[in-house]
Structures are given as structure tokens and as C-alpha cells.
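[1] The sequence isn't on hand, but the structure is:
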């Protein structure tokens with residue numbers, strides 16, 4: 001019974017971490033533009049949490065995170081549900097099989113998630129006509145600036161994982 005309680009507490013704390021990241025992204029950095037781009041912290045948080053949770057649990061968390069972000073009216077809409085799920089599954093799987101769960105792996109998984117999510121969202125926006133292809137030069141800047149949040153989010157996810165460790 002104690003193991004179930006610790007695991008439930010861990011996932012509740014992960015959900016609070018994601019809620020804090022969503023509030024920071026939406027309220028504090030919602031309108032601010034840095035070098036012509038907006039920060040994207042949700043894929044970084046999903047990758048860091050899925051890295052500690054594993055492929056299956058991380059994938060479910062990525063699905064819930066994407067659904068939450070979509071229903072809260074965030075950028076990316078319903079596409080981010082699929083993208084967050086795929087990024088969480090990939091991060092969890094790669095860390096389960098090949099990588100050690102440390103800061104360098106978190107940076108790599110966050111970079112993978114940001115490149116995947118932001119590139120697909122950019123291409124979708126180009127297709128819909130909301131941005132033009134000439135703005136692709138801002139994509140690496142957005143990814144680089146968003147990646148700066150990775151160490152802080154990794155430490156938060158690592159501390160929460162210690163709470164729910166067996």
C-alpha cells in the first residue's frame with residue numbers, strides 16, 4: 001500500500017510541475033517575444049518527466065499533458081496532443097534502453113522533443129498560412145532559448161522522482 005501511495009504522490013507532483021510550467025509559459029512568457037520567438041516549455045517538461053517515468057507511464061503523462069495544453073487553449077492545439085505523446089514515448093524508451101538518466105540525457109531528450117514538436121508545428125502553421133517559410137530562421141533561436149529551461153526542469157523532475165522511488 002505504501003508503494004501505491006508514493007507512486008500516486010509522485011505523479012500528482014509531476015502534474016503540479018506541469019501546471020506550474022504551463023502557467024509560466026502562458027502567463028509570464030505568453031506575450032513576451034525574445035529575438036522574435038516565444039518560449040516553448042511544455043515539450044521540455046514532458047521530456048524531463050517521461051525520462052524519469054519510463055516509456056509507458058511517460059507516454060500516458062505526455063498524452064495527458066498534451067490534452068491539458070490543448071484544452072487550456074495553448075498554442076498548437078490538438079496537434080500537440082499527438083506530439084507530446086510521441087515525444088514522451090521516445091524519451092522514456094530511449095532512457096529505458098540506451099541512456100542513463102542524468103542531465104546530459106535530459107538535455108538531449110529535451111532537444112529532441114523541441115525539434116520534433118516545434119518543426120512540425122511550424123510546418124503546420126506554414127501550411128495553414130499563419131506564418132511564412134521565411135520565418136524558419138527563428139526556429140533554432142526558439143529551440144535554443146526554450147532549451148535553457150532544461151536544467152531547472154530536470155532538477156524538479158529528479159527531486160519528484162526521489163519522492164516516488166521504490
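    Sure thing, it's come through. These numbers come from a predicted model, not from an experiment.

[2] was I right about residue 106 contacting residue 150?
    Yes: if you go by Cβ atoms under 8 Å, residue 106 and residue 150 touch, sitting 5.8 Å apart. Glycine gets a C-beta too; all of them are placed from N, C-alpha and C.

[3] Need the residues touching each of those two.
    The contact sets of residue 106 and residue 150 overlap at residue 48 (Cβ atoms under 8 Å, 6 or more residues apart in numbering).

[4] Backbone dihedrals for the residue minimising distance to the centre of the chain, both of them.
    In the chain, the residue lying closest to the centroid (Cα atoms, centre = their mean) is residue 43, at 2.1 Å. Note on residue 43: its backbone torsions stand at phi -60, psi -30 [degrees, to the nearest 10].

[5] Disregarding residues adjacent in the polypeptide, which is nearest to it?
    Nearest residue to residue 43 in three dimensions, chain neighbours excluded: residue 113, at 4.0 Å (Cβ to Cβ, 6 or more residues apart in numbering).

[6] Tell me how many other residues crowd the one you found.
    Counted by other Cβ atoms under 10 Å, the residues lying close to residue 113 total 32.

[7] mind checking how far the residue nearest to the centre of the chain is from residue 132?
    With distances taken as Cβ to Cβ, to the nearest Å, residue 43 is found 23 Å from residue 132.

[8] Check which helices and strands the helix or strand hosting the residue nearest to residue 43 sits against.
    Assigned by DSSP states H and E, residue 113 falls within helix 103-128. The contact analysis (3 or more Cβ pairs under 8 Å, 6 or more residues apart in numbering; DSSP states H and E) places helix 103-128 against helix 42-53, helix 79-97, helix 138-147, helix 150-163.

[9] what's the most buried one of the ones you listed?
    A comparison of the helices and strands packed on helix 103-128 by mean neighbour count, using mean count of other Cβ atoms under 10 Å, puts helix 42-53 on top with a mean of 30.

[10] still on that earlier bit, possible to save the helices and strands packed on helix 103-128 as JSON lines with mean pLDDT and distance to residue 120?
    Formatted as JSON lines, these follow (pLDDT from 0 to 100; distance: least, Cβ to Cβ, whole Å):
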{"stretch": "helix 42-53", "mean pLDDT": "93", "distance to residue 120": "11"}
{"stretch": "helix 79-97", "mean pLDDT": "92", "distance to residue 120": "6"}
{"stretch": "helix 138-147", "mean pLDDT": "91", "distance to residue 120": "11"}
{"stretch": "helix 150-163", "mean pLDDT": "92", "distance to residue 120": "20"}
